[in-house]
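>>> Got a sequence here, can you build the structure:
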Amino acid sequence: MNLYLKNIETGASLPFNNPHAVSVSLPTLNDIIGYEEKDKAVTGKMQTGYPRFFMNKLVAKLVDWVREQNGIPASAEVLPVMNEKALGLVIKNLQVNPITIIAEDCGFVVIDKAHPQLAVLKDHIRQAGLFLSSRKAEDILYKIGLVSSVFEEETIPDGKHSIISHLNDAYNAQRLNNVMLASCGMNAIYSVFEAVRSANVNTTKKAILQIGCLYVDSDQLIKRISDVPYLVPVSSDTNQIGELIEREHERIAAVFTEVPNNPLIDCVDLPALHAVCKRYDIPLIVDATFGTPHNVNVLPWCDIAVESLTKFACGHGDSIMGAVILNSSSYWSQNLSNEIRKHIIQPYERDTNRLAVGIADYEQRMKTVSFNTQQLISYLENSPVVKEVYSIFRKPGYKHFLQIQKHPDALPGLISVEFNSELRSYYDRLAMPKGPSLGTNFTLAMPYVYLAHYDLLKSANGRKHLQLMGFPAELLRFSVGLEPVDEIIEVFRQARI
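Now for the predicted structure:
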């Protein structure tokens, strides 16, 4: 049996024994709820977590050192960011003037824990993707003698060039300088949105149109920067999208969508949407993380593509990075490129050298993931305990997906499932990795609404919003891995699914 297809203890890093892991084992629904409720019985066991929501322990150790070196009292929060540039972006456009520290080429924001702007600052750092790399923290800790060694891992020298070359080919971006690397996927998205906002500062175009459900931080970032966050909940609803753009085009600064969207796996009619946006001179921005550039061809049908390389591009689940890919024939992409660069935080060199290992076989891995996904969809659709399987095959947008599908067997490696009865019993019985993130080489289960929208579950208005977005509260999403598919299916059988 595969190393990861088993019951894994609460708090174990995913991947195992890796200080830079971006996921963590939360094997029961009680663990999930405990994590969301900040129950120390759960959080105290966590070796790691998703970096935007959980401070890596190496980063926390560096923060403690900065606190001690500068005599910062316990009543103050110390928020670490990647570098001096990131520090400048923290306070840009925010009505706050905190104490800032530069130490060892990292930035630190010091603010009283009772300050009314603390939550705003934390949200901004998270949503702009400005947080500090764990590998950078580790190197500093080693340099100053607080750790005795650096984690050993396979790397490729000059990884930045390898990654850019691979993405340039995969997206057919034409020129290497059309690919920009960012410290994480959210920093890539934030940089593009800030460029759009700057380009429209003296116009009536102040709104971002969101097509379909988006990942939680993308959604929250849009709500924060857009004066009217227009929304079309169903990404395949071409008529509603076209009518809204036609009616509100004088206020829409940009259109943003995921292809396909996560976690419902529906797909917009990208060529049609691109044509409408072009008619009204509105830039179209596409997040291709879930489709991947090896399964879908998005760049001809948008102005700018973004990707969280942390996910499928990495595969190992231990590197944070993002990318912005410009369409060389787009007026908008070339017009915005300089402004995008002003907001991008360059990834740390050790992170690029590590991610270059994963991206080297990105295309081949996606072929395996696509095959496994097809087999799992077939199995789950025949399960008597499954109420609905959310896959590209079963959504109205399947015909739209076929227009951009790179080859007949290409499939997004995500499947979401709704069961006939409560999620808890099925989730708890599954002997596989369970926790945040996706795109890992091992199959990873995540109770999407509990981890991405937990606050919405706790109020009537929140549940109403979930209903509007088409999210069943007990939705379970699977990111399909590279294990032999019969072994994955056997885990479902053992869980009586």
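
>>> looking only at pLDDT, what's the mean for the helix or strand harbouring Val109?
Following DSSP states H and E, one finds Val109 within strand 106-112. The pLDDT scores in strand 106-112 average 96.

>>> Can you list the strands that that strand pairs with?
Strand 106-112 pairs in its sheet with strand 76-81 (antiparallel), strand 99-103 (antiparallel), by DSSP bridges.

>>> Throw those into a markdown table and include distance to Thr48 and mean neighbour count, thanks.
In short, each C-beta sits where N, CA and C put it, glycine included. Below are those laid out as a markdown table (distance: least, Cβ to Cβ, whole Å; neighbours: other Cβ atoms under 10 Å):
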| stretch | distance to Thr48 | mean neighbour count |
| --- | --- | --- |
| strand 76-81 | 16 | 21 |
| strand 99-103 | 23 | 15 |
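
>>> The ones you listed: which one's closest to Glu349?
Nearest to Glu349, of all the strands paired with strand 106-112, is strand 76-81, at 17.3 Å by Cβ to Cβ.

>>> Contacts made by the following helix or strand past the closest one with the rest, please.
Counting by DSSP H and E, the next helix or strand C-terminal to strand 76-81 is helix 84-91. Helix 84-91 has contacts (Cβ atoms under 8 Å, 6 or more residues apart in numbering) with 79, 81, 97-98, 100, 102, 105, 107-109, 121, 124-125, 128, 130, 183, 343, 345.

>>> and helix 84-91 with strand 76-81, angle?
120 degrees (axes from the mean of the first three to the mean of the last three Cα atoms, to 10 degrees).

>>> for helix 84-91, what is the average pLDDT?
When pLDDT is averaged along helix 84-91, the result is 93.

>>> Pull out the buried positions in that helix.
Residues of helix 84-91 classed as buried: 85-87, 89-90 (neighbour count, 16 or more other Cβ atoms under 10 Å).

>>> just stretch 336-347 next, same as before
The neighbour-count criterion (16+ other Cβ under 10 Å) identifies 336-337, 339-340, 343-347 as the buried residues of stretch 336-347.

>>> Just say helix, strand or coil for the closest residue to Glu104 other than its chain neighbours.
Residue nearest to Glu104 in three dimensions, not counting chain neighbours: Ile140, with 4.6 Å by Cβ to Cβ, 6 or more residues apart in numbering. Here Ile140 is recorded as helix under DSSP: H, G, I helix; E, B strand; the rest coil.

>>> Tabulate the buried residues of helix 84-91 (JSON lines), appending distance to Arg493.
Shown next, in JSON lines, are these (distance: Cβ to Cβ, whole Å):
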{"residue": "Lys85", "distance to Arg493": "51"}
{"residue": "Ala86", "distance to Arg493": "47"}
{"residue": "Leu87", "distance to Arg493": "52"}
{"residue": "Leu89", "distance to Arg493": "49"}
{"residue": "Val90", "distance to Arg493": "49"}
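
>>> Val268: which of these is nearest?
Leu89 (30.2 Å).

>>> Quickly note the distance from that closest one to Lys406.
Counting by Cβ to Cβ, to the nearest Å, the gap from Leu89 to Lys406 is 35 Å.

>>> quick one: the helix or strand containing Asp64 to strand 76-81, angle?
Per DSSP H and E: Asp64 is located in helix 57-69. In terms of direction (the same axes, to 10 degrees), helix 57-69 departs from strand 76-81 by 130 degrees.

>>> outside of helix 57-69, which residues touch it?
Here helix 57-69 has contacts from 19, 47-48, 55, 72, 78, 80, 101, 103, 106, 108, 131-132, 134, 137-138, 140-141, 144, 146-147, using Cβ under 8 Å, 6+ apart.

>>> Check the offset of it from the chain's centre.
26 Å (Cα atoms, centre = their mean, to the nearest Å).

>>> got the CA coordinates for stretch 181-189 in PDB?
Extracted C-alpha coordinates of stretch 181-189, given in PDB (Å, rounded to 0.1, in the frame of the first residue of the first chain):
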ATOM      1  CA  LEU A 181       7.200  34.600 -10.700                       C
ATOM      2  CA  ALA A 182       5.600  35.700  -7.400                       C
ATOM      3  CA  SER A 183       6.200  34.600  -3.800                       C
ATOM      4  CA  CYS A 184       2.800  32.800  -3.800                       C
ATOM      5  CA  GLY A 185      -0.400  32.500  -5.900                       C
ATOM      6  CA  MET A 186      -2.200  35.300  -3.900                       C
ATOM      7  CA  ASN A 187       0.600  37.700  -4.500                       C
ATOM      8  CA  ALA A 188       0.300  37.000  -8.300                       C
ATOM      9  CA  ILE A 189      -3.500  37.800  -8.100                       C
END
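
>>> Contacts for the strand holding Val109, please.
62-63, 66, 70, 72, 75-84, 86-87, 90, 96, 98-102, 117-118, 121, 125, 132, 136-137, 140.

>>> re the thing from before, and of the strands paired with strand 106-112, who's closest to Cys277?
Here strand 76-81 is closest among the strands paired with strand 106-112 (Cβ to Cβ), at 33.5 Å.

>>> average pLDDT across the closest one?
pLDDT averaged over strand 76-81 gives 97.

>>> mind checking how far stretch 32-42 is from the chain centre?
Taking mean C-alpha positions (Cα atoms, centre = their mean), stretch 32-42 and its chain are 22 Å apart.

>>> Tell me the buried residues in it?
32-36, 42.

>>> circling back: filter the contacts of helix 57-69 down to the buried ones, ChimeraX style.
Applied in ChimeraX, the following selects the buried portion of the contacts of helix 57-69 according to 16+ other Cβ under 10 Å:
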select :19,47,48,55,72,78,80,101,106,108,131,132,134,137,138,140,141,147
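
>>> average pLDDT across the helix holding Asp64?
In this model, helix 57-69 has a mean pLDDT of 98.

>>> Kindly format the C-alpha coordinates of that helix as CSV.
Output in CSV follows, covering the C-alpha atoms of helix 57-69 (Å, rounded to 0.1, in the frame of the first residue of the first chain):
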residue,chain,number,x,y,z
LYS,A,57,7.3,27.0,13.0
LEU,A,58,10.6,28.2,11.5
VAL,A,59,9.1,31.6,10.8
ALA,A,60,7.7,31.7,14.4
LYS,A,61,11.1,30.9,15.8
LEU,A,62,12.6,33.9,13.8
VAL,A,63,9.8,36.1,15.0
ASP,A,64,10.7,35.2,18.6
TRP,A,65,14.3,36.2,17.9
VAL,A,66,13.3,39.5,16.5
ARG,A,67,11.0,40.1,19.4
GLU,A,68,13.9,39.4,21.9
GLN,A,69,16.4,41.4,19.9
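
>>> Go ahead and list the helix or strand containing the residue sitting furthest away from the middle of the chain.
Distance to the chain centre peaks in the chain at Gly71, reaching 35.6 Å (criterion: Cα atoms, centre = their mean). Under the criterion of DSSP H and E, Gly71 resides outside all helices and strands.

>>> Quick check: the gap between it and Ile101.
11 Å.

>>> cool, and Ile72?
9 Å.

>>> Val81 too?
Separation of Val81 from Ile101 (Cβ to Cβ): 10 Å.

>>> do the same with Glu363
Counting by Cβ to Cβ - Glu363 and Ile101 are separated by 43 Å.
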